[in-house]
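Chemist: Here you go, sequence then predicted model.
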Amino acid sequence: MIGFNFNIEFLGGVYDAGSSSWSRLFYQNVFRKYSKDITEKKLLLTSILVANNQTDNLKRGVTYFGQPVAPLSAYTIKMKGHDRPFLDKGVLFQSVAYRKVGQENLWSLSVWEVYIKQERAKIAERLYRGDPSKNLPARPFFGVGAYLLKKIDSTMER
């Protein structure tokens, strides 16, 4: 379960990522769009795609829309010894996960959730939202942007 709250924008909707209900709403929209083509395998592959995309965003230092995140401050670069925004020891890169969280009643298919593991959830929230009191800009890496939507479309249309 994600241990913090932020919003995810998808298909014109805004979902509260602080609860597992966002994944249900996400899947309901996917189900509506692809109801004739959905299989359990495609749902699992979509979850893997979403999780891998979030990890890739972290590794590349980009938002979920593919734009570079705000650069690190000179002080942070000096302390870390490099300028990669989400890299400290690489633990955050390994914290994006997915799991089956239930059944969608209308279609009798599994519902999957992509989340940040609890041990890194607070750090991820701080990075995602930023912290104006500490002059930390928001770096929204977690979400579903146009690039990922195309990959989901491709997976569902196979």
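Modeler: All right, it came through fine.

Chemist: where does the chain have its least confident helix or strand?
Modeler: The helix or strand of the chain with the poorest confidence is strand 7-10; it has a mean of 59 (mean pLDDT, DSSP states H and E).

Chemist: Would you point out which residue is most central in the protein?
Modeler: residue 142 (3.3 Å; C-alpha atoms, centre = their mean).

Chemist: Tell me the spacing between the residue in the chain sticking out farthest from the centre and residue 42.
Modeler: Here the centre of the chain is the reference, and by C-alpha atoms, centre = their mean the most remote residue is residue 78, at 28.7 Å. Using C-beta to C-beta, to the nearest Å, residue 78 is found at 47 Å from residue 42. Yep, even glycine has a C-beta here, placed from its N, CA and C like the rest.

Chemist: same question, residue 66
Modeler: Distance from residue 66 to residue 42, by C-beta to C-beta: 24 Å.

Chemist: more crowded one of the two?
Modeler: Taking neighbours as other C-beta atoms under 10 Å, residue 66 and residue 42 compare with residue 42 leading, 18 against 14.

Chemist: So the more buried one versus residue 48, what's the distance?
Modeler: Residue 42 is 11 Å from residue 48, by C-beta to C-beta.

Chemist: swap in residue 84?
Modeler: Taken as C-beta to C-beta, the span from residue 84 to residue 48 is 24 Å.

Chemist: same thing with residue 134?
Modeler: Applying C-beta to C-beta to residue 134 and residue 48 gives a distance of 34 Å.

Chemist: Of these two, give the one with the bigger neighbour count.
Modeler: Between residue 134 and residue 48, counted using other C-beta under 10 Å, residue 48 has the larger neighbour count: 14 against 7.

Chemist: Count the neighbours of residue 140 for me.
Modeler: Using other C-beta under 10 Å: residue 140 sits among 21 other residues.

Chemist: And what about it, helix, strand or coil?
Modeler: coil (DSSP: H, G, I helix; E, B strand; the rest coil).

Chemist: by contact count, what packs against the helix ranked longest in the chain?
Modeler: Among the segments of the chain that qualify as a helix by DSSP state H, the longest is helix 40-60. Packing partners of helix 40-60 (3 or more C-beta pairs under 8 Å, 6 or more residues apart in numbering; DSSP states H and E): helix 21-34, strand 96-104, strand 109-116, helix 146-157.
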